[in-house]
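Trainee: could you look at this predicted model? Sequence included:
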Amino acid sequence: MKDLPARRLLLVHAHPDDESINNGATMARYAAEGAHVTLVTCTLGEEGEVIPPGLAHLTADRDDSLGPHRVGELAAAMRELGVADHRFLGAAGRFRDSGMMGAAQNDRPDAFWSAPVDEAAALLAEVIREIRPQVLVTYDPDGGYGHPDHIQAHRVAMRAADLAADPAHGAGAPHTVAKIYWNRAERAVVEAGFDALRTTAPDAFPGIAAVDDVPGVVGGEEITAEIDGTAYAGAKAAAMRAHATQIVVDGPFFALSNDLGQPLLTTEHYQLVRGVAGVPAGSREHDLFAGLPDAPASVPGAGVSAASASVPGEGV
Ligand SMILES: [Zn+2]
């Protein structure tokens, strides 16, 4: 096993840019605190639209070269967040963006939506057994907003956690992820953000999105963890700007290719769906690792074995 920091966080996303929009502040925080942050992105986002007119030729219906371009955007975003370990599921281009629900691209044999869940999950389980994360972050069963690749990313992430923990599955030592979270956005916070957009910058974008256009919006009672990303707001905005074909950032607001403004949320919300919360029921965690046993500091260059590097009480 690699000599990795004691705290290890894995995030699973559908397309380049989803990680910065949903978790940019969280990723920057844990990277800055010395945790090992791993991003697995399932597709290259080949079917995305393109905002800058000068790059319009990249789209799937023209040059079909948006995917490789977005690999570069993602790398730039990860530099802004301080995240060194970012990978594509299987390899770059192994699974293709499936397009919006109902699009003809859903049925392409290389579309992520067409991939058998167990096949894709086995690839992710390899990463889980390599990194041995205590915390996994992904989408809810609807993928936050119904995009096929987001739904599939959810299915693959949840299945991979099961496979990685199953001693009967594949090669490598089993690993149980202690806590799994789904990405959430708190309705009241999102509404306040839209109010601010309407009052302070009504003309910043050609239009304004609706609250329910924001993925993963739920009432506050479903939210169990809240990461205050105020200190990392600049890093998050810079990471989003790095996805220049997909996002325009204007102060505390941004728009996707639909030109509809929405708030850039620096406090990021989560729902714990597997594992034990580190705080009493009814209160919110402010650390995704809350309640986990203190992990031993890694010993540089010691070439630790899997056994000595495992976290006490982690349970295999
Ligand atoms: Zn996406």
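Mentor: On my side now, so go ahead.
Trainee: contacts for stretch 237-247, please.
Mentor: By Cβ atoms under 8 Å, 6 or more residues apart in numbering, the residues outside stretch 237-247 that reach it are 16-17, 20-21, 24, 28, 45, 48-52, 55, 58, 66, 69-70, 73-74, 76-81, 249, 254-257, 264. Using the backbone N, CA and C atoms, a C-beta is placed for each residue, glycine as well.
Trainee: what about it and the ion, any contact?
Mentor: No - Stretch 237-247 lies apart from the ion when judged by Cβ under 5 Å from the ion; the minimum separation is 9.0 Å.
Trainee: average pLDDT for that stretch?
Mentor: Taken as a whole, stretch 237-247 carries a mean pLDDT of 98.
Trainee: let the chain start at 26 from now.
Mentor: Sure, I'll start numbering at 26, so the last one becomes stretch 262-272.
Trainee: how about the residues of the chain that lie near the ion?
Mentor: 39-40, 43.
Trainee: so which of those sit within helices?
Mentor: Among the residues of the chain next to the ion, the members falling in helices (DSSP state H) are D43.
Trainee: top of the residues of the chain next to the ion by neighbour count?
Mentor: In terms of neighbours by other Cβ atoms under 10 Å, the residues of the chain next to the ion top out with A39 at 29 neighbours.
Trainee: now tell me which helix or strand of the protein has the poorest mean pLDDT.
Mentor: Sorted by mean pLDDT, DSSP states H and E, the helices and strands of the chain end with helix 331-334, the least confident at a mean of 39.
Trainee: all strands of the stretch 226-341 of the chain, in order?
Mentor: For the stretch 226-341 of the chain, the strands defined by DSSP state E, counting those that start in this stretch cover 232-233, 242-243, 250-253, 273-275, 278-280, 285-288, 292-299.
Trainee: repeat that for the stretch 76-225 of the chain.
Mentor: 110-113, 160-163, 204-211.
Trainee: ok so, going back, is it possible to get a markdown table of the strands of the stretch 226-341 of the chain that adds mean neighbour count?
Mentor: Formatted as a markdown table, the strands of the stretch 226-341 of the chain follow (neighbours: other Cβ atoms under 10 Å):
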| stretch | mean neighbour count |
| --- | --- |
| strand 232-233 | 14 |
| strand 242-243 | 18 |
| strand 250-253 | 19 |
| strand 273-275 | 17 |
| strand 278-280 | 22 |
| strand 285-288 | 21 |
| strand 292-299 | 20 |
